[in-house]
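J.: What follows is a predicted structure for the sequence shown.
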Amino acid sequence: MEKKPLDIGLAFSRIETAVSPWPKAALFQLAEEGFTSAFEQLVACIISIRTFDEVTLPVSRKLFGRARTPAEMSTLSYEELDTLIKASTFHERKANQILAIARRVIDDFDGKLPCDREVLLSFAGVGPKCANLVLGIACEAPFISVDVHVHRVTGRWGYIQTSTPEKTLIALEAKLPPRHWIDINRLLVPFGKHICTGKLPHCSSCPVLDMCQQVGVTAHR
């Protein structure tokens, strides 16, 4: 099949339709449920690290049922918080990180987490992926969040050529139109989980096959 040039806007439009039957990425789903503050989104993102969305969602809901603000969170003991998030991976470390963030937000920012990337990155356990997701979802600021799905899919398309998610972020910031910066994670996470999978991607039913270079794909469904 002769490939057409990748039209990123058209690709995203097609993917929007294709992923509609599938669950949304965890932080976007939580935002739809009303957990839209920067603090809630940051806590949920920390919970999500190395944890499947199917676990992140109920764990986050359970925790937010008990505490949603830095003030409420800081009243929890380490033991109680750890118990609430125990189903997530590395829960002991995450409990310490979440408590430390809640207390610092109270001490340094009058109890309200600012929409400031440098502040977010200054917290232990918070990297560019979480910081950018929080800024994009809670603060509606144009930031790209790159996870394994965004890295894999954009590389397969031939849209960018990089070796790590960190390098993918830099490449996308230079090439991707800013209007797509928030949507790329929202769309490519379910797309990468259910269609453009790591092994044996579903190329036969892919809505952007005509524009995809299928870089590195040796076998598919």
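T.: In hand now; what should we look at?
J.: Now do the biggest helix by length in the chain: which elements does it pack against?
T.: Of all segments of type helix in the chain, defined using DSSP state H, the longest is helix 91-109. In terms of contacts (3 or more C-beta pairs under 8 Å, 6 or more residues apart in numbering; DSSP states H and E), helix 91-109 is packed against helix 38-48, helix 70-74, helix 78-84. Bear in mind the C-beta positions are built from the backbone N, C-alpha and C, glycine included.
J.: Could you export those as CSV, including distance to residue 142, mean neighbour count and mean pLDDT?
T.: Compiled in CSV, the helices and strands packed on helix 91-109 are given as follows (distance: least, C-beta to C-beta, whole Å; neighbours: other C-beta atoms under 10 Å; pLDDT from 0 to 100):
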stretch, distance to residue 142, mean neighbour count, mean pLDDT
helix 38-48, 15, 25, 98
helix 70-74, 26, 19, 98
helix 78-84, 33, 15, 98
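J.: Can you add distance to residue 8 and give those back as a markdown table?
T.: Output for these, formatted as a markdown table (distance: least, C-beta to C-beta, whole Å):
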| stretch | distance to residue 8 |
| --- | --- |
| helix 38-48 | 25 |
| helix 70-74 | 38 |
| helix 78-84 | 40 |
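J.: so what's residue 101 closest to, chain neighbours aside?
T.: Nearest residue to residue 101, sequence neighbours excluded (C-beta to C-beta, 6 or more residues apart in numbering): residue 123, at 5.1 Å.
J.: Name the surrounding residues that touch stretch 44-63.
T.: Residues outside stretch 44-63 that contact it (C-beta atoms under 8 Å, 6 or more residues apart in numbering) are 23, 25-27, 29-30, 33, 35, 43, 81, 84-85, 87-90, 94, 97-98, 101, 125-126, 129-130, 133-134.
J.: filter the residues you listed to the buried ones?
T.: Among the contacts of stretch 44-63, those scoring as buried are 25-27, 29-30, 35, 43, 81, 84-85, 88, 94, 97-98, 101, 125-126, 129-130, 133-134 (criterion: 16 or more other C-beta atoms under 10 Å).
J.: Go ahead and confirm residue 183 touches residue 12.
T.: Yes. Contact criterion C-beta atoms under 8 Å: residue 183 and residue 12 qualify, at 6.1 Å.
J.: which residues are common contacts for those two?
T.: By C-beta under 8 Å, 6+ apart, no residue touches both residue 183 and residue 12.
J.: Show me this protein divided up by domain.
T.: 8-19+144-211, 26-137 (automatic domain parsing).
J.: Using CSV, lay out the ones you listed together with distance to residue 221.
T.: Shown next, in CSV, are the domains of the chain (distance: least, C-beta to C-beta, whole Å):
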stretch, distance to residue 221
domain 8-19+144-211, 5
domain 26-137, 22
